[in-house]
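>>> dropping a prediction and its sequence here:
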Amino acid sequence: MFDELSDPDVVSWNSMISGCVMNGRSWNGLKFFIQMLHFGIDMDLVTLVNVLVACANVGKLSLGRALHACGVKTGCSGDVVFDNTLLDMYSKCGYLKGATDVFVKMGETTIVSWTSIIAAYVRKGLYDDAIMLFDEMQSKGLRPDAYTVSSVVHACACSNSLDKGRNIHNFIKKNNMALNLPVSNALMNMYAKCGTMEEAHLIFSQIPVKDIVSWNTMIGGYSQNSLPNEALELFLDMQKQLKPNDITIACVLPACAGLAALEKGRELHGHILRKGYFSDLHVACALVDMYVKCGLVVLAQKLFDMIPKKDIILWTVMIAGYGMHGFGKEAVSTFEKMRIAGFEPDEACFTSILYACSHSGLLKEGWKFFNSMRSEFNIEPKLEHYACMVDLFVRSGNLSKAYKFIETIPIKPDAAIWGALLSGCGIHHDVELAEKVAEHIFELEPENTRYYVLLANIYAEAEKLEEVKKLQTKIGNGGFKKDQGCSWIEIQGKFNIFVAGDTSHPQAKRIDSLLRKLRMQMNGVGYYSKMRYALINADDMNKEVLLCGHSEKLAMAFGILNLSPGKTVRVTKNLRVCGDCHDMGKFMSKTTGRDIVLRDSNRFHHFKDGVCSCRGFW
DNA sequence: CTAGGGTTAG
């Protein structure tokens, strides 16, 4: 119709521009604006406002500034709508100073001005300032509306401010604003980011008509909070009424990664290919990570290579992926390629490369990367980086160096750092140092049973059974929560879950006889039963049962019995693999001719022809 | 013909 107009006036042009901008075609709107100027039509207030919104949408700060000047020239600046739009344009283009300048110069401010300036601070990560502005606004007698509270709740989510978030939630309830969908979605997100999924779900369950953001928020929340089963279940529920989008997929994939749910992950990969979602970097990155964590590092690498525009997160995923699988050299060369591609490593990236070095015993390289953090990249190492370094010294056999290194750490070492040294004491049979280290740990985390178990195993290996008993009593009387050792294997989409000493599985007898047979063969070629490992989970004193019945052994045996000969047996365990199970994994791979890939809580072990990819670095 | 809010990967 516009094309048929003989003499379009400024209202006609404004209508076209507005139509474009409001329907996600901001670039087109800008084209109409340029054309309009060519036709010699003078812009008015409405034109300026529309085009400013287009600039905000596509981030065109230079044009936005020019329009600011036009507004001054034409007398539009000073109009509340113009100023509000201008403020938001600066904010969305990332120029906070521009936004605040507009805000302080405004004569009249409205709820829209305050909401926009609050959102501007949130965008820049200045959450406390945003929350302060929210309070200030109310003290000036302005009532926040649904738009305002959405932004402030978002600020609470990003800054992990659960208490402030709850306060605003109360305000929302009092003012009946929870009926507004973005408000409810923001609240759910806030609770999810603060780690309280029960509260998030309560809100979710009360929304009568959920939209895709509601579902994505909950699914992503479960994934981020290590509740992968809940995430997958909700994903199924969602599909009964809504089609997932690219964001949904990016939210579910981490759940597959957490469970090592390879078949579900492959299904999602198919969905990605059909919908063309692979071009979305979030999706592609989550997919690569999923394959890494399901054990298919070579496929992950192929997909990684196919992604033309990589970002720092994707590089980090690949570096961490190589690290988990013991490909330290590949991790280092990937890091170097990343540098050549022009990326500056950040904190998380250094965690990945240091982790990779420690898990492959690359002492020299690890040192080099660690020292470059400060000297080359101006990044102050955090506890996790120090922990990697302690790990690195420990694995390369230098306990006293590790101890001295801990003493140089400028931050107070946490239990994880001492824990790395403690497990090193286990590897190198140093009971005396272990006791010294354990004291530090028990002071920091008196209720974490992992470390008691670690120390108990060190005692057991040194055959100090009195000390073992003392610790067992301590754990028993402490009423501590024990981590139940648990392994699982997915076969045709079905998860078979095993716990230590489990005899309830329908195939328990077959599994048991296979394991007994293997044990006899192992003994026959010189392996001896390592009774000392029996303690690893500390939740059952029946050594005989445990020696043959650790959950990872059961799952590996089940895989061998139920997967056709050429197939790789892929087992996942929630805790670290025990030494005897590790020996048996190697042995199994040789005598049965099967590839076994075991993911434990720490890294991957690829057993093939009697050798493990970890080469002892675990 | 005009302004502000909620969901994604390490």
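Nice, thanks for sending it over. Numbering: from 1, shown residues only, chains lettered A, B, ... in the order given.
>>> got the residues of the stretch 151-300 of chain A near DNA strand B?
Residues of the stretch 151-300 of chain A found near DNA strand B (C-beta under 7 Å from any atom of the strand) are A:151, A:154, A:157, A:180-183, A:185-186, A:189, A:211-214, A:216-217, A:220, A:223-224, A:246-247, A:250-251, A:253-254, A:257, A:280-283, A:285-286, A:289. For every residue, glycine as well, the C-beta is placed using N, CA and C.
>>> and if you look at the stretch 401-550 of chain A?
So the stretch 401-550 of chain A never meets DNA strand B (C-beta under 7 Å from any atom of the strand).
>>> could I get the full set of strands for the stretch 401-550 of chain A?
Assigned strands in the stretch 401-550 of chain A, in chain order: A:486-491, A:494-499 (criterion: DSSP state E, counting those that start in this stretch).
>>> ok, and the closest non-adjacent residue to residue A:37?
Leaving aside its sequence neighbours, residue A:37 sits nearest to residue A:43 (C-beta to C-beta, 6 or more residues apart in numbering; 7.5 Å).
>>> need the contact list for residue A:191.
A:162, A:165, A:197, A:199-200, A:203, A:221 (C-beta atoms under 8 Å, 6 or more residues apart in numbering).
>>> may I ask you to confirm that residue A:373 is in contact with residue A:382?
No: counting by C-beta atoms under 8 Å, residue A:373 does not reach residue A:382; the two are 9.7 Å apart.
>>> so those two - more neighbours on which side?
residue A:373 (18 against 13; other C-beta atoms under 10 Å).
>>> before we move on, back to that, deepest of the strands of the stretch 401-550 of chain A, which one?
Across those, the average number of neighbours (mean count of other C-beta atoms under 10 Å) peaks for strand A:486-491, which reaches a mean of 21.
>>> quick revisit: give me the buried entries from the residues of the stretch 151-300 of chain A next to DNA strand B.
Those of these that meet the buried threshold are A:151, A:154, A:157, A:180-183, A:185-186, A:189, A:213-214, A:216-217, A:220, A:223-224, A:246-247, A:250-251, A:253-254, A:257, A:280, A:282-283, A:285-286, A:289, by 16 or more other C-beta atoms under 10 Å.
>>> which residue packs closest to the residue of the stretch 501-618 of chain A found nearest DNA strand B, ignoring adjacent ones?
At 13.4 Å from DNA strand B, residue A:603 is the closest residue in the stretch 501-618 of chain A, using C-beta to the nearest atom of the strand. The shortest distance from residue A:603 to any non-neighbouring residue, by C-beta to C-beta, 6+ apart, is to residue A:324 (5.1 Å).
>>> what's the separation between the one you found and DNA strand B?
Noted for residue A:324: a distance of 10 Å to DNA strand B, by C-beta to the nearest atom of the strand, to the nearest Å.
>>> for that residue, which residues are in contact?
Contacts of residue A:324 by C-beta under 8 Å, 6+ apart are A:292-293, A:297, A:355, A:359, A:603-604.
>>> what of residue A:318?
Residues near residue A:318 by C-beta under 8 Å, 6+ apart: A:288, A:292, A:300-301, A:304, A:334.
>>> for the stretch 1-150 of chain A, list the residues in contact with DNA strand B, please.
A:10-11, A:14-15, A:18, A:22, A:44-47, A:49-50, A:53, A:56, A:79-82, A:84-85, A:88, A:92, A:110-113, A:115-116, A:119, A:122, A:145-148, A:150.
>>> of the residues you listed, buried ones?
The neighbour count (16+ other C-beta under 10 Å) marks A:14-15, A:18, A:45-47, A:49-50, A:53, A:56, A:79, A:82, A:84-85, A:88, A:92, A:112-113, A:115-116, A:119, A:122, A:145-148, A:150 as buried among those.
>>> which SSE is immediately downstream of the helix or strand of chain A with the lowest mean pLDDT?
Lowest by mean pLDDT, DSSP states H and E among the helices and strands of chain A is helix A:543-549, with a mean of 54. Per DSSP states H and E, the first helix or strand lying C-terminal to helix A:543-549 is helix A:551-562.
>>> got the angle for that next one vs strand A:494-499?
Angle of helix A:551-562 versus strand A:494-499, following axes from the mean of the first three to the mean of the last three C-alpha atoms, to 10 degrees, is 140 degrees.
>>> residues in contact with helix A:551-562: which ones?
Contacts of helix A:551-562 (C-beta under 8 Å, 6+ apart): A:485-489, A:491, A:496, A:498-500, A:502, A:505, A:507, A:510-511, A:514-515, A:518, A:569-571, A:573, A:577-578, A:581, A:584-585, A:588, A:592, A:594, A:596, A:598, A:600.
>>> of those residues, keep whichever come out buried.
Buried among the contacts of helix A:551-562 by 16+ other C-beta under 10 Å: A:485-489, A:496, A:498-500, A:502, A:505, A:511, A:514-515, A:518, A:569-571, A:573, A:577-578, A:581, A:584-585, A:588, A:592, A:594, A:596, A:598, A:600.
>>> narrow those to those in helices?
Among the buried ones among the contacts of helix A:551-562, the members found in helices (DSSP state H) are A:511, A:514-515, A:518, A:581, A:584-585, A:588, A:592.
>>> tabulate those residues (CSV), appending pLDDT.
Shown next, in CSV, are those (pLDDT from 0 to 100):
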residue, pLDDT
A:511, 93
A:514, 92
A:515, 91
A:518, 90
A:581, 90
A:584, 92
A:585, 95
A:588, 95
A:592, 93
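>>> quick check: the gap between residue A:387 and residue A:394.
Distance of residue A:387 to residue A:394, given as C-beta to C-beta, to the nearest Å: 10 Å.
>>> overlap in contacts of these two?
Taking C-beta under 8 Å, 6+ apart as the criterion, residue A:387 and residue A:394 both touch residue A:420.
>>> could you chop chain A up by domain?
Split into domains by automatic domain parsing, chain A comes to A:210-309, A:486-612.
>>> worst mean pLDDT among those?
Set side by side, those differ in mean pLDDT, and domain A:486-612 is lowest with a mean of 84.
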